[in-house]
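In: give me the fold of what follows.
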Amino acid sequence: MEQVALEAATHDVSLLALFMQAGLLVKLVMIGLLGASVWTWAIVLDKYVSFSKARKQFDQFEQVFWSGQSLEELYRTLGERQNNGLSAIFVAAMREWKKSFERGARSPIGLQMRIDRAMDVTMARESEVYEARLGSLATIGSAGPFIGLFGTVVGIMTSFQAIAGSKSTNLAVVAPGIAEALLATAIGLVAAIPAVIAYNKFMAESGKLHSRMEGFADEFSAILSRQIDEKLQPRQAAQ
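Out: Reported below is the predicted structural model:
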């Protein structure tokens, strides 16, 4: 018992000590997982700011759009800016509207289809921006625990080899090596759990923004459809 206690006392089981005592491959796994954890939190902070800013911009644009300001005046205000979200969809639709009438558009159906297509392309582009780097969160969340488990398996195999070499099965001899191995799994979970939670959260946020863009595109398409009828019907009647 005294020998076991002496052996246990000689082993430092702090997290830093366990990392330093681990084998090279297990260390590489831990470093990779720690890097993935840092990258996860960087994405989380970036997306939190981005989605907060996007929601604010959506609210501001909708307030201006439904305030009664003319579409031409709003287009002139936004046309020279770098737009995103709802304002980008509005500018794309109005740009197609103006180009078509400048070239003497005659088919209401063709004009409506071109405007809808312009809004759909812009909406898809904006959705890609909102979902950028979320795939990294999904990858870390799904692969992190298995990478950590790989490090654990390698660490345990190394520990058993050390046990066989020392010909001792005392817990004081076995425990440090196994603790080093399990640390890899713990770091994998530390990286994966926030990544999974953040991925689900931000995908839901992206879905909400996409739904708002779809709703605005449908409403704006109806508004432009009425104006197309008002502009083209007199031309067709005159012909």
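In: quick one: neighbours of A186, just the number.
Out: Close neighbours of A186, defined as other Cβ atoms under 10 Å, add up to 16. In short, each C-beta sits where N, CA and C put it, glycine included.
In: could you find the closest non-adjacent residue to it?
Out: Sequence neighbours aside, G148 is the residue nearest to A186 in space, at 7.2 Å (criterion: Cβ to Cβ, 6 or more residues apart in numbering).
In: just give me the neighbour total for that neighbour.
Out: The burial metric for G148, expressed as a neighbour count using other Cβ under 10 Å, is 27.
In: so who does it touch?
Out: By Cβ atoms under 8 Å, 6 or more residues apart in numbering, the residues touching G148 are 29, 33, 184-189, 191-192.
In: mind putting the residues you listed in CSV, pLDDT, secondary structure and distance to R95 included?
Out: Shown next, in CSV, are the contacts of G148 (pLDDT from 0 to 100; DSSP: H, G, I helix; E, B strand; the rest coil; distance: Cβ to Cβ, whole Å):
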residue, pLDDT, secondary structure, distance to R95
V29, 89, helix, 52
L33, 94, helix, 47
A184, 89, helix, 54
T185, 90, helix, 54
A186, 91, helix, 54
I187, 92, helix, 50
G188, 93, helix, 49
L189, 94, helix, 49
A191, 94, helix, 44
A192, 95, helix, 44
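In: nearest to R114 among those residues?
Out: Closest approach to R114 among the contacts of G148 (Cβ to Cβ): A192, at 45.7 Å.
In: next one: A124, what pLDDT does it get?
Out: Per-residue confidence (pLDDT) for A124: 94.
In: tell me the spacing between it and E214.
Out: 11 Å (Cβ to Cβ, to the nearest Å).
In: so for these two, which residue has more residues nearby?
Out: Neighbour count, other Cβ under 10 Å: between A124 and E214, E214 has more, with 15 against 11.
In: nearest residue to the more buried one other than its sequence neighbours?
Out: The spatial neighbour of E214 that comes closest, neighbours along the chain excluded (Cβ to Cβ, 6+ apart), is M123 at 7.0 Å.
In: what's near enough to touch that neighbour?
Out: The neighbourhood of M123, defined by Cβ under 8 Å, 6+ apart, consists of 89, 210, 213-214, 217.
In: what about those residues, which one has the most neighbours?
Out: For these, the largest neighbour count, defined by other Cβ under 10 Å, is 25 neighbours, found at I89.
In: so for this structure, the centremost residue is which one?
Out: The central residue of the chain, meaning the one whose C-alpha is nearest the mean C-alpha position (Cα atoms, centre = their mean), is L134 at 2.4 Å.
In: state the pair within the contacts of M123 that is farthest apart.
Out: Every pair in the contacts of M123 was compared (Cβ to Cβ); the two farthest apart turn out to be I89 and H210, at 11.3 Å.
In: what is the host helix or strand of F220 packed up against?
Out: F220 is located in helix 171-238, with elements delineated by DSSP states H and E. When contacts are defined as 3 or more Cβ pairs under 8 Å, 6 or more residues apart in numbering; DSSP states H and E, helix 171-238 sits against helix 2-9, helix 15-21, helix 24-65, helix 86-102, helix 108-131, helix 134-166.
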